[in-house]
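**Student:** have a look at this prediction, sequence included:
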Amino acid sequence: MKKEKVVYETLDLFPVPMIRVKYPKAQSLRKIIKPIFYDMENHDKTNFKYSANSHTSYATNLAGYGAKDKPNYSSALESTHWAGHELLSAIPELKDLRNFILQAGIQANRFIGIDRNVESLMFQGSWFSINRKYGYHGYHSHMPGLWSGVYYVQAVNEDSAITFLDTNKKHNWPSAYSMFSENPYSAPSVCIPPETGMLIIFPSWLEHGVEQQMDDRERITISFNLNPKPSTEQMQTQKERVEALS
C-alpha cells in the first residue's frame with residue numbers, strides 16, 4: 001500500500017497591508033519645496049524639536065506668516081496658527097503630491113476591501129520633518145487613524161530608516177525559546193531604507209520609529225494621516241447630536 005504524502009500548509013493569518021510607490025515628480029518637487037520648508041522653519045515661533053538638530057512642523061506656529069510674506073501661499077497659512085500640521089492642504093506647491101497620496105490611499109482601501117473613490121478619504125494632519133545629524137524619532141503609532149504614511153522629499157538609502165515593529169513579538173516569541181534564522185515570521189522589526197520620492201502608506205495602528213541619523217545629511221519627509229470622509233448622512237447625524245446636547 002502506497003504511503004500517503006503528508007502536506008504541510010503555512011497559513012499567513014492577519015497580514016499587514018502596506019503600499020510603497022514612487023512619486024514621478026520627486027526631483028522637481030524637492031527643488032521647489034525645500035526652500036519653503038526652510039522658510040517655515042525660520043518663521044516657526046515654537047521651534048519645537050523632537051530630537052537634536054531636527055525640526056518638525058507638527059506643532060508649528062505660523063501666526064502672521066502667509067500671503068503678506070509669500071503672495072503665492074494659500075490663505076490657509078494666514079488663517080491658522082498651526083498650518084504646519086495641515087501642510088498638504090496649506091501649500092499650493094504640494095497639491096499634485098496631495099492628490100497622488102489620496103490615489104495611493106484608495107489603492108490601500110481596495111486591498112482591504114474598501115472600494116471607495118478618492119472623495120471618500122481625507123487628510124487628518126500632515127507635516128514635514130527635517131532629520132539632521134543625530135536626529136531620530138521614537139516608536140509610536142497614529143491611532144485612531146485608518147492609514148498613515150511618509151513621503152521622502154529628500155533621502156538616500158544610507159539615511160536613517162523607518163522601522164516597523166511587530167507588536168505580536170512583545171511576548172518575545174519565538175526568541176524566548178531558541179535561536180532562529182530571522183525571516184518575516186520571526187523578525188521583531190523590519191527596516192525600510194529611505195529614498196527620494198518614495199511613498200509608504202501603512203495601517204495607523206502599526207508602531208514605527210526612525211533610527212538615529214548618523215551622517216551629516218538632511219533627511220526630509222512629509223508625514224500624514226488618512227481617514228474616511230464622513231458621508232452626508234453621517235455629518236447630518238453628528239450635527240443633530242451636537243444640537244441635541246446644546
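**Tutor:** Thanks, I have it.
**Student:** would you list the phi and psi of N225?
**Tutor:** Main-chain torsions, N225, degrees, to the nearest 10: phi -120, psi 140.
**Student:** gap between the nearest residue to it once chain neighbours are set aside and L121?
**Tutor:** Of all residues not flanking N225 in the chain, G145 sits nearest, at 4.1 Å (Cβ to Cβ, 6 or more residues apart in numbering). (C-beta placed from N, C-alpha, C; glycine too.) G145 is 11 Å from L121, where distance means Cβ to Cβ, to the nearest Å.
**Student:** and for H142?
**Tutor:** Where L121 is concerned, H142 sits at a distance of 15 Å (Cβ to Cβ).
**Student:** go on, E158?
**Tutor:** Using Cβ to Cβ, E158 is found at 33 Å from L121.
**Student:** which one's more surrounded, the two?
**Tutor:** A count of neighbours by other Cβ atoms under 10 Å puts L121 above the other of E158 and L121, at 23 against 13.
**Student:** now the helices for the protein?
**Tutor:** Under the criterion DSSP state H, the chain contains helices at 26-43, 76-79, 87-90, 95-111, 232-245.
**Student:** for G149, find the nearest of these.
**Tutor:** Among the helices of the chain, the nearest to G149 by Cβ to Cβ is helix 95-111 (6.8 Å).
**Student:** identify all contacting residues around the closest one.
**Tutor:** 17, 19, 21, 23, 25, 29, 88-89, 115-118, 120-121, 123, 147, 149, 151, 199, 201, 222, 224, 226 (Cβ atoms under 8 Å, 6 or more residues apart in numbering).
**Student:** how about stretch 107-125 as PDB, C-alpha atoms only?
**Tutor:** Taking Å, rounded to 0.1, in the frame of the first residue of the first chain, the C-alpha atoms of stretch 107-125 are listed here in PDB:
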ATOM      1  CA  GLN A 107      -5.500  51.500  -3.600                       C
ATOM      2  CA  ALA A 108      -4.800  50.700   0.100                       C
ATOM      3  CA  ASN A 109      -8.500  50.700   0.700                       C
ATOM      4  CA  ARG A 110      -9.100  48.300  -2.100                       C
ATOM      5  CA  PHE A 111      -6.500  45.900  -0.800                       C
ATOM      6  CA  ILE A 112      -8.500  45.600   2.400                       C
ATOM      7  CA  GLY A 113     -11.900  45.500   0.700                       C
ATOM      8  CA  ILE A 114     -13.000  49.200   1.000                       C
ATOM      9  CA  ASP A 115     -13.900  50.100  -2.600                       C
ATOM     10  CA  ARG A 116     -14.500  53.800  -2.400                       C
ATOM     11  CA  ASN A 117     -13.400  56.700  -4.600                       C
ATOM     12  CA  VAL A 118     -10.900  59.400  -3.800                       C
ATOM     13  CA  GLU A 119     -13.500  61.700  -2.400                       C
ATOM     14  CA  SER A 120     -14.100  59.200   0.500                       C
ATOM     15  CA  LEU A 121     -10.700  59.800   2.100                       C
ATOM     16  CA  MET A 122      -9.500  63.000   3.800                       C
ATOM     17  CA  PHE A 123      -6.300  64.100   5.500                       C
ATOM     18  CA  GLN A 124      -6.300  64.400   9.200                       C
ATOM     19  CA  GLY A 125      -3.000  66.100   9.700                       C
END
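**Student:** work out the gap between stretch 140-156 and the centre of the chain.
**Tutor:** For stretch 140-156, the separation from the chain centroid amounts to 1 Å (computed by Cα atoms, centre = their mean, to the nearest Å).
**Student:** can you give me the end-to-end distance of that stretch?
**Tutor:** 23 Å (Cα to Cα, to the nearest Å).
**Student:** so which bits of it are buried?
**Tutor:** Neighbour counts over stretch 140-156 (16 or more other Cβ atoms under 10 Å) mark 141-142, 145-155 as buried.
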